[in-house]
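Chemist: Need coordinates for the following:
(chains A, B, C and D)
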Number of protein chains: 2
Amino acid sequence: MSNAISFLKDKGIQPTAQRIAIAEALLGNTQHPTADDILAEAQKRCAIVSRATVYNTLNLFVEKGMLRTQLLKEGTVVFDPNLQKHHHFIDEEDGTIIDIPWNWLTVQGRQKLEDYDIDEYQVILRGRRKR
Amino acid sequence: MSNAISFLKDKGIQPTAQRIAIAEALLGNTQHPTADDILAEAQKRCAIVSRATVYNTLNLFVEKGMLRTQLLKEGTVVFDPNLQKHHHFIDEEDGTIIDIPWNWLTVQGRQKLEDYDIDEYQVILRGRRKR
DNA sequence: CCGGGTAATTAGACTTTATCCAACTCTTGA
DNA sequence: TCAAGAGTTGGATAAAGTCTAATTACCCGG
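Modeler: This is a model prediction of the structure:
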């Protein structure tokens, strides 16, 4: 049984052809895909996936905690299949988004925010990769 | 001479009625306004401001370094007139965005990102304000 | 003060991202 | 087998933002 099918069944999601294609597109290559990226990739695997289904399915995956959305790109949400806590680096030359391991950075001083209940936080860095 | 007019002249921007209204809307109340917030506010001050002019002007202000854009709200860019380095806290109950002073938080470990030239960074925190 | 050229503004068309909806199809279980 | 519920679909719709062609305002030299 394919990876994607068990991935869906584990979460109690009926594994339809479209959902499998979308799950495979996610498990596959792109690091921080947009809904359109996923649509293109899923259509390579399963000729009949509509835009509406991609949005339905991605939102379903987010509800089920299999994905998170991130505000890292102008004009569109990106989906992040990395469920571990991590930070993000954005290459301003080409827009590439790179995960930075959680333990690379430490944020000190959070106790100063005594008036706030912090659910989560991350560092967002911008610049360019050295080549 | 109004605050807004000198604010514009300092940057070599011709102070038209519309630009003054937009600058005043910015200097005014809203903390992290969207283009639509600014449009509404500017129209209170100057009945004849079009959507196109608001976008033209805000983009001009960003080019001139009088404003920065931030990706903090889904579906729209917000404009940030606070030019000091700072972090952001987002209240997930109502979406309010709150500036966190730069020196409240310290990010350690940046030297680990040796493969990256970091132009800027900030901590983005999410949660809710205590009441 | 006048006229002409440039700068600024405008309404509306257009593009992109995302959601909504009603119709259709597929699956499942009795 | 077949009805009910689940899933999918294209197209309509909505919102953010850009573009364009036409109009309006402004500035400056004569």
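
Chemist: Please list the residues of chain A that sit near chain B.
Modeler: Neighbours of chain B within chain A, by C-beta under 8 Å from any C-beta of the partner chain: A:69, A:71-74, A:77, A:89, A:92, A:100, A:104-110, A:112-130. In this view, the C-beta of every residue, glycine as well, is placed from N, C-alpha and C.

Chemist: For chain A, which segments are assigned as helices?
Modeler: A:3-10, A:17-27, A:35-45, A:51-63 (DSSP state H).

Chemist: Please identify the deepest-packed of these.
Modeler: Ranked by mean neighbour count, those are led by helix A:17-27 with a mean of 21 (mean count of other C-beta atoms under 10 Å in any protein chain shown).

Chemist: Please name every helix or strand in contact with that helix.
Modeler: Identification of packing neighbours for helix A:17-27 by 3 or more C-beta pairs under 8 Å, 6 or more residues apart in numbering or on different chains; DSSP states H and E yields helix A:3-10, helix A:35-45, helix A:51-63.

Chemist: do that helix and DNA strand D meet?
Modeler: Yes. Under the criterion of C-beta under 7 Å from any atom of the strand, helix A:17-27 makes contact with DNA strand D via A:17-19.

Chemist: okay, these in JSON lines with pLDDT next?
Modeler: Converted to JSON lines, the residues of helix A:17-27 next to DNA strand D look like this (pLDDT from 0 to 100):
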{"residue": "A:17", "pLDDT": "94"}
{"residue": "A:18", "pLDDT": "96"}
{"residue": "A:19", "pLDDT": "96"}
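
Chemist: List just the nearest of those residues to chain B.
Modeler: residue A:19 (23.9 Å; C-beta to the nearest C-beta).

Chemist: Next, the contact list for that closest one, please.
Modeler: When contacts are counted by C-beta atoms under 8 Å, 6 or more residues apart in numbering or on different chains, residue A:19 is found next to A:8, A:13, A:57.

Chemist: For those, could you give me JSON lines that also reports pLDDT and distance to DNA strand D?
Modeler: Below are the contacts of residue A:19 laid out as JSON lines (pLDDT from 0 to 100; distance: C-beta to the nearest atom of the strand, whole Å):
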{"residue": "A:8", "pLDDT": "93", "distance to DNA strand D": "9"}
{"residue": "A:13", "pLDDT": "94", "distance to DNA strand D": "6"}
{"residue": "A:57", "pLDDT": "97", "distance to DNA strand D": "6"}
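
Chemist: Among those, which one lies nearest to DNA strand C?
Modeler: Of all the contacts of residue A:19, residue A:57 has the smallest distance to DNA strand C: 10.5 Å, by C-beta to the nearest atom of the strand.
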